[in-house]
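Engineer: what's the 3D shape of this:
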Amino acid sequence: MYKPPQWHQNANRGSQLADPVVTIQELSRFRALRNTRIDYALVFTNSQGNLDTYLPPHRPSRTELATRGWSTVYEVDTGVHDASALLSLPSDNDAFLFDVSLECTWQVTAPAAFVASGERDVPALIRRIVDDTVRPVLRQYPMLSSAAAEKAAQSTLEGIGPFGESAGLRIRCGIQIRQDEAAQQHARELREIEFARIKLAPEHTLRMQTAELEAERALATSRLLHRVELQNQELSHERQLARGQQELQLQEVEIKKIEYYTYWLERGGPAAMGFHLARHPEDAQLVMNNLRQDQLQAMQNQLQVALQALGGGPGGLEEHQLDEPRRLAAGVIREVLSAKLAPGNSHTVHEVAPLPGGADLPGSVPPPHAAPPSAVPDPPAAPQAGPGPQRTEPFEDAHLFGYRVPNPPPAR
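Structural biologist: Residues are numbered from 1 along each chain as shown. Coordinates of the predicted model:
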């Protein structure tokens with residue numbers, strides 16, 4: 001039967017080891033050696049303290065196990081292992097500590113020497129050796145001289161030779177010395193300030209160019225807006241002028257309309273009705289009826305005035321004043337009876353009965369003198385009368401059918 005080992009790490013090939021001694025087993029003459037891994041070295045000890053080493057893949061025979069008198073066997077891992085450590089070592093000023101980083105590899109080359117040394121923690125051994133070697137060197141350098149301090153420390157480690165040989169180890173170690181965090185932060189801030197200073201000149205130039213371009217763009221925009229506003233004002237002014245001219249033209253048209261309507265309305269009677277008939281031909285029957293009524297009423301009024309003027313008695317004229325009025329009255333009567341009646345009601349007058357007072361009217365009355373063109377416009381041509389004596393025209397100052405003489409239209 002196998003006796004359980006006195007020390008066992010349960011380590012595998014990928015395990016991170018601090019102690020390369022994996023197993024310690026007590027031997028007995030009457031018990032066989034337990035199975036061991038082929039890649040481990042075996043260190044046998046006896047009661048006199050002698051050490052016998054069997055490097056892999058060598059193993060002792062059964063005869064040697066029985067005759068050599070070994071009491072204990074150590075299984076030692078001889079593989080290459082990594083170790084890292086971070087130390088804080090002082091600079092020339094105790095207030096500032098260097099950050100020392102170690103990246104090392106170690107391997108057991110003499111298993112018997114390692115077992116005899118009694119070391120149980122290889123990374124701790126490395127830290128002690130580095131601390132004892134590097135601390136006096138870093139004391140000579142200030143915090144800001146970390147690069148020089150690192151170079152000197154590396155040279156010192158190389159100068160002492162392969163350390164760890166006394167413990168049966170091969171140790172290779174790389175060292176990195178950095179400033180502390182406060183110094184690094186200070187250096188970063190100084191670098192940022194320097195970068196900002198370097199960037200300041202081109203950035204200032206860029207900002208000046210940007211400001212100039214913005215000012216030019218704003219000025220160009222203002223000029224364009226001013227030009228647009230000026231054009232809008234000019235267009236508005238032109239529209240106002242055109243609107244004023246149109247209003248003046250409309251006023252002129254209204255004035256002409258007023259003069260035109262006034263002219264025809266002032267003439268009254270047939271002229272006014274003819275104007276209305278020209279605008280509204282559908283009212284022809286109504287216009288003709290009104291025209292006949294107006295003509296008859298005007299004829300009655302004129303006859304009554306003429307008879308009253310020519311007759312005797314109160315309101316009549318003196319005898320010496322009746323010659324000319326009688327001739328005028330006779331002409332008016334002929335005009336009314338011969339030309340002013342509507343068709344079917346007109347009669348040709350050949351003879352006129354004697355007027356009151358015993359005066360006989362002549363057969364014809366010479367036409368009065370025509371009014372000047374500037375005073376009264378030429379009336380429209382009258383319809384032709386039937387055969388008979390020549391028609392007598394009314395007096396130029398007499399009212400026709402009871403209407404006053406219209407004002408002439410303004411000269412155009």
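
Engineer: Name all residues that make contact with His280.
Structural biologist: Residues in contact with His280 (CB atoms under 8 Å, 6 or more residues apart in numbering): none are found. Every C-beta, even on glycine, is put in place using the N, C-alpha and C of the backbone.

Engineer: and the gap between it and Leu286?
Structural biologist: 9 Å (CB to CB, to the nearest Å).

Engineer: And Ala278, by the same measure?
Structural biologist: For Ala278, the distance to Leu286 - CB to CB - is 14 Å.

Engineer: higher neighbour count, those two?
Structural biologist: Taking other CB atoms under 10 Å, Ala278 and Leu286 do not tie; Leu286 has more neighbours (13 against 9).

Engineer: Give the phi and psi angles for the more buried one, as a check.
Structural biologist: The phi/psi pair for Leu286 (degrees, to the nearest 10) reads phi -60, psi -40.

Engineer: Phi, psi for Leu169 please.
Structural biologist: phi -120, psi 150.

Engineer: Thr105 is in contact with that one, correct?
Structural biologist: No - the criterion here is CB atoms under 8 Å, and Leu169 misses it with Thr105 at 10.4 Å.

Engineer: Tell me which of the two has more neighbours.
Structural biologist: Using other CB under 10 Å as the criterion, Leu169 and Thr105 rank with Leu169 on top: 22 against 13.

Engineer: Now Trp106: which helix or strand?
Structural biologist: strand 97-108 (DSSP states H and E).

Engineer: I'd like the distance from that strand to the chain centre, please.
Structural biologist: Here strand 97-108 is found 63 Å from its chain centre; the criterion is CA atoms, centre = their mean, to the nearest Å.

Engineer: same deal with stretch 201-214?
Structural biologist: Averaging C-alpha positions (CA atoms, centre = their mean) puts stretch 201-214 25 Å from its chain's average.

Engineer: Quick one: mean pLDDT over that stretch.
Structural biologist: Taken as a whole, stretch 201-214 has an average pLDDT of 92.

Engineer: same thing with stretch 110-127?
Structural biologist: 91.

Engineer: What residues of that stretch count as buried?
Structural biologist: 110-116, 119, 122-123, 125-127 (16 or more other CB atoms under 10 Å).

Engineer: Which pLDDT value belongs to the closest residue to Ile126 other than its chain neighbours?
Structural biologist: Counting by CB to CB, 6 or more residues apart in numbering, Ile126 lies nearest to Cys104, which is 5.4 Å off, once chain neighbours are set aside. Note for Cys104: predicted pLDDT of 91.

Engineer: Next up, the contacts around Asn290.
Structural biologist: By CB under 8 Å, 6+ apart, the contact set of Asn290 is Met273.

Engineer: and it, that one's in a helix?
Structural biologist: Yes - judged by DSSP: H, G, I helix; E, B strand; the rest coil, Asn290 forms part of a helix.

Engineer: so what's it scoring on pLDDT?
Structural biologist: pLDDT at Asn290 comes out at 75.

Engineer: What of Val134?
Structural biologist: So Val134 comes in at 92 (pLDDT).

Engineer: Show me what the one helix or strand Tyr260 maps to is packed up against.
Structural biologist: In this assignment (DSSP H and E), Tyr260 forms part of helix 181-267. Helices and strands touching helix 181-267, by 3 or more CB pairs under 8 Å, 6 or more residues apart in numbering; DSSP states H and E, are helix 269-279.

Engineer: Average pLDDT for the helix it packs on, rounded please.
Structural biologist: pLDDT averaged over helix 269-279 gives 73.

Engineer: Compute the inter-axis angle for it and helix 181-267.
Structural biologist: With axes from the mean of the first three to the mean of the last three CA atoms, to 10 degrees defining the directions, helix 269-279 sits at 140 degrees from helix 181-267.

Engineer: So Leu42: helix, strand or coil?
Structural biologist: Assignment for Leu42 (three-state DSSP): strand.

Engineer: For it, give its distance to Pro60.
Structural biologist: 7 Å.

Engineer: joint contacts of those two?
Structural biologist: Tyr54.

Engineer: So between those two, which is more surrounded?
Structural biologist: Using other CB under 10 Å, the more surrounded residue of Leu42 and Pro60 is Leu42, with 22 against 16.

Engineer: dump the residue contacts of the more buried one.
Structural biologist: So Leu42 contacts 36, 53-54, 59-60, 73-76 (CB under 8 Å, 6+ apart).

Engineer: Distance check, it against Leu307.
Structural biologist: 181 Å.
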